[in-house]
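1. Okay, here's the prediction I keep looking at, along with the sequence it came from:
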Amino acid sequence: MTVTDNVFENLRLELRRGCLTLAVLAQLRQEHYGYTLRKALAERGLEIDESTLYPLLRRLETQGLLESEWREEDKRNKRFYHLSGDGQRIFGQLLGEWRAINASIDNIL
Amino acid sequence: MELLDRYLQAVKKHLPWKRQDDIIAELRANLEAQLEDKEAALGRPLTQGETEDWLRQIGAPIQVAARYLPQQYLIGPALFPTYWFVLRLAFMWSMIIYAIVSAVLIATQSPNGTAFLEAVLRVPGILIQVAAWVTLIFAVIEFAAAHYPEKCPEIAGVTTQWSPSTLPPLEREDADGKKPRHFSHAVAEVVFGYIFLIWLLLIPHYPYLLLGPGAYYLHGSPFQLAPFWVTFYWAVVGLNVLQLGWRSVDLARGAWQKPPRLQHIVMSAFGLIPLGLLLTVRDQVYVTLTHPALDQARYGGTVDSMNKAIHLGVLVVLAIAVLSLAWEIGQMRMGAYRKRAAGMR
């Protein structure tokens, strides 16, 4: 990997990081467990590594944006996540921020 | 499945024990569901090779586990600029103190080349020790700020506790368009000044440090330096000590950016003293014969010529130094006049 490729990769990751959080919060307006959430995001064009998504769910829960519960489904215990009250409020704010940035970038371009 | 169990076991080893069972249970449920989907799509179980490829794509166990841990820093980005500043200061002052102590010890106890070499070789070790201590202290501060932010808010907010009025003055170019000196330049000047002083103090014991192989020729030659050179030598040492002391004080006071022109002039004026002393030598005898009784007839004329040449050289150098000093004084007066004139506009 060249230096330029490396710079691009770092910037790409930086750009994606915030967007992933927003996408996860958006998708968790409906309840999901880790794997189905990953599939749902991938079906909508957003691929996320397992090693990125699953720890992200934990962090968002620690921050109070998600709530979770263990439940049995298909004879297997799974941890289901959904947006908490705070999560819904902050998701709304983040969505507004993202739309404003998006509109600004479009104007600049 | 055995491979997945082994994989999860390896991940578990790198997780904090309080949360490891919960995290592994969740990860297992997700990965097993994913595996089932893959096998359903293929219509058969995954081969050993396919399972390995899949797990390799998920990531090494230690990296996967690390994603579940909070970001940890030895010294975080908020504290790092302060750490870097303190580290550079610690390096500078440890070197200055070490150079002074070494110079004194070498000059008073064992003034020889080996002692000098040993002192130089100890420098990397001292720098590593200083860096280790500073890093350790800042790592403790970082740990305290991260784990007990309520008990040390002033540390956590170190970057916000500043006032614009404490900023250093604007770096202006002087009247000659010269930029202020860089900090590293000023530090290097002081450090090399001390190294030069050590070298100077070693010269009487090891003349080859000054003359190189010429020292051995001088030792076997019919000529020798007149005793007056000892006085000249100590005058030069005194001048260096004065200059170095002045620069060290400037550095300590933070006045290293632009040493005042007056300081330069004073040092130039003091520099005239050793040269002036050379002119006071009785009969202008700078070099004598080692064995006058034996060599007077053969080398007497040569010695006279050498002394006359040295005397003439000293006169020329002194004249240049005096003219240079006069030029400096003139420039200073001109600068002061311009400043007054600009102030009256």
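-> Right, received. Where do you want to start?
2. What is the least confident helix or strand in chain B?
-> helix B:153-156 (a mean of 53; mean pLDDT, DSSP states H and E).
3. Next, the buried residues of the helix or strand following that helix.
-> Going down the chain from helix B:153-156, the next helix or strand is helix B:183-202, by DSSP states H and E. Judged by neighbour count using 16 or more other Cβ atoms under 10 Å in any protein chain shown, the buried positions of helix B:183-202 are B:186-187, B:189-191, B:193-195, B:197-198, B:200-202. Glycine gets a C-beta too; all of them are placed from N, C-alpha and C.
4. And A:Thr21, what's its pLDDT?
-> Looking at A:Thr21, its pLDDT stands at 94.
5. now the strands for the chain?
-> Went with chain A since none was named. A:32-33, A:66-73, A:76-83 (DSSP state E).
6. wrong chain, I was asking about chain B
-> For chain B, strands defined by DSSP E occupy the ranges B:223-225, B:287-289.
7. Of all these, which one is nearest A:Ser68?
-> Proximity to A:Ser68 (Cβ to Cβ) singles out strand B:223-225 among the strands of chain B, at 89.9 Å.
8. what's the spacing between the most centrally placed residue in chain A and chain B?
-> The geometric centre of chain A, computed from its C-alpha atoms, lies nearest to A:Val24 (Cα atoms, centre = their mean), at 2.6 Å. According to Cβ to the nearest Cβ, to the nearest Å, A:Val24 stands 14 Å off from chain B.
9. Would you agree that residue is in contact with A:Leu37?
-> Yes. Counting by Cβ atoms under 8 Å, A:Val24 does reach A:Leu37; the two are 7.1 Å apart.
10. who touches both of those two?
-> Common neighbours of A:Val24 and A:Leu37, using Cβ atoms under 8 Å, 6 or more residues apart in numbering or on different chains, are A:53, A:57.
11. for residue 38, what are its contacts?
-> Since no chain was named, I'll use chain A. A:Arg38 neighbours (Cβ under 8 Å, 6+ apart): A:48, A:50, A:53, B:30.
12. try chain B instead
-> By Cβ under 8 Å, 6+ apart, the residues touching B:Lys38 are B:46, B:54.
13. switch the cut-off to 7 Å
-> Taking Cβ atoms under 7 Å, 6 or more residues apart in numbering or on different chains as the criterion, B:Lys38 is in contact with B:Leu46.
14. Also B:Glu32?
-> B:Glu32 makes contact with A:Arg76 under the criterion Cβ under 7 Å, 6+ apart.
15. Which pLDDT value goes with it?
-> B:Glu32 carries a pLDDT value of 92.
16. Could you measure from it over to A:Tyr33?
-> B:Glu32 sits 12 Å away from A:Tyr33, going by Cβ to Cβ, to the nearest Å.
17. Over to B:Val241?
-> B:Val241 is 77 Å from A:Tyr33, by Cβ to Cβ.
18. what do you get for B:Gln331?
-> 81 Å.
19. One more: A:Leu65?
-> Using Cβ to Cβ, one obtains 17 Å as the distance from A:Leu65 to A:Tyr33.
20. Also B:Arg333?
-> To A:Tyr33, B:Arg333 is 85 Å away according to Cβ to Cβ.
21. With B:Ala99 instead?
-> For B:Ala99, the distance to A:Tyr33 - Cβ to Cβ - is 66 Å.
22. ok so, going back, top of the contacts of A:Arg38 by neighbour count?
-> In terms of neighbour count, B:Asn30 stands highest of the contacts of A:Arg38 at 22 neighbours, by other Cβ atoms under 10 Å in any protein chain shown.
23. Now for that one: which residues touch it?
-> By Cβ under 7 Å, 6+ apart, the residues touching B:Asn30 are A:34-35, A:50, A:54.
24. Please tabulate these in CSV, including the columns distance to A:Asn6 and pLDDT.
-> Output for the contacts of B:Asn30, formatted as CSV (distance: Cβ to Cβ, whole Å; pLDDT from 0 to 100):
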residue, distance to A:Asn6, pLDDT
A:Gly34, 30, 94
A:Tyr35, 31, 94
A:Glu50, 24, 90
A:Tyr54, 26, 93
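25. Filter those residues to keep only those in contact with chain B.
-> Checking the contacts of B:Asn30 against chain B by Cβ under 7 Å from any Cβ of the partner chain, the ones in range are A:34-35, A:50, A:54.
26. Mind checking which of B:Gln331 and A:Tyr33 has more residues around it?
-> Neighbours per residue (other Cβ under 10 Å) separate B:Gln331 from A:Tyr33, with A:Tyr33 holding more: 22 against 14.
27. which bits of chain A sit near chain B?
-> Listed as neighbours of chain B in chain A under the rule Cβ under 7 Å from any Cβ: A:33-35, A:50-52, A:54-55, A:58, A:76-79.
28. Show me which of those residues is closest to B:Val64.
-> Lowest distance from B:Val64 to the residues of chain A next to chain B (Cβ to Cβ) belongs to A:Ser51, with 4.7 Å.
29. May I have the residues that are in contact with the closest one?
-> B:58-59, B:63-64, B:67.
30. just those residues now: which is nearest B:Ile128?
-> Nearest to B:Ile128, judged by Cβ to Cβ, of the contacts of A:Ser51 is B:Gln63 at 30.8 Å.
31. What sits closest to the closest one if chain neighbours are left out?
-> Excluding the flanking residues, the one nearest B:Gln63 by Cβ to Cβ, 6 or more residues apart in numbering or on different chains is A:Ser51, at 6.7 Å.
32. And for chain B, the residue most distant from the center?
-> Distance from the C-alpha centroid of chain B, by Cα atoms, centre = their mean, peaks at B:Gly43 (68.1 Å).
33. What pLDDT is listed against it?
-> 91.
34. what about it, distance to chain A?
-> Separation of B:Gly43 from chain A (Cβ to the nearest Cβ) stands at 19 Å.
35. Ramachandran coordinates for that residue?
-> Here is the backbone geometry of B:Gly43 (degrees, to the nearest 10): phi 80, psi 20.
36. Helices along chain B, start to end?
-> When assigned using DSSP state H, the helices of chain B occupy the ranges B:2-12, B:20-42, B:48-58, B:61-67, B:80-108, B:113-121, B:123-147, B:153-156, B:183-202, B:208-211, B:214-220, B:228-253, B:261-279, B:292-344.
37. How many residues are close by A:Ser84?
-> A:Ser84 has 19 neighbours, counted by other Cβ under 10 Å.
38. from memory A:Gln27 sits against A:Leu37, does it?
-> Yes. Contact criterion Cβ atoms under 7 Å: A:Gln27 and A:Leu37 qualify, at 6.0 Å.
39. more crowded one of those two?
-> Each of A:Gln27 and A:Leu37 has its neighbours counted (other Cβ under 10 Å); A:Leu37 has more, 23 against 18.
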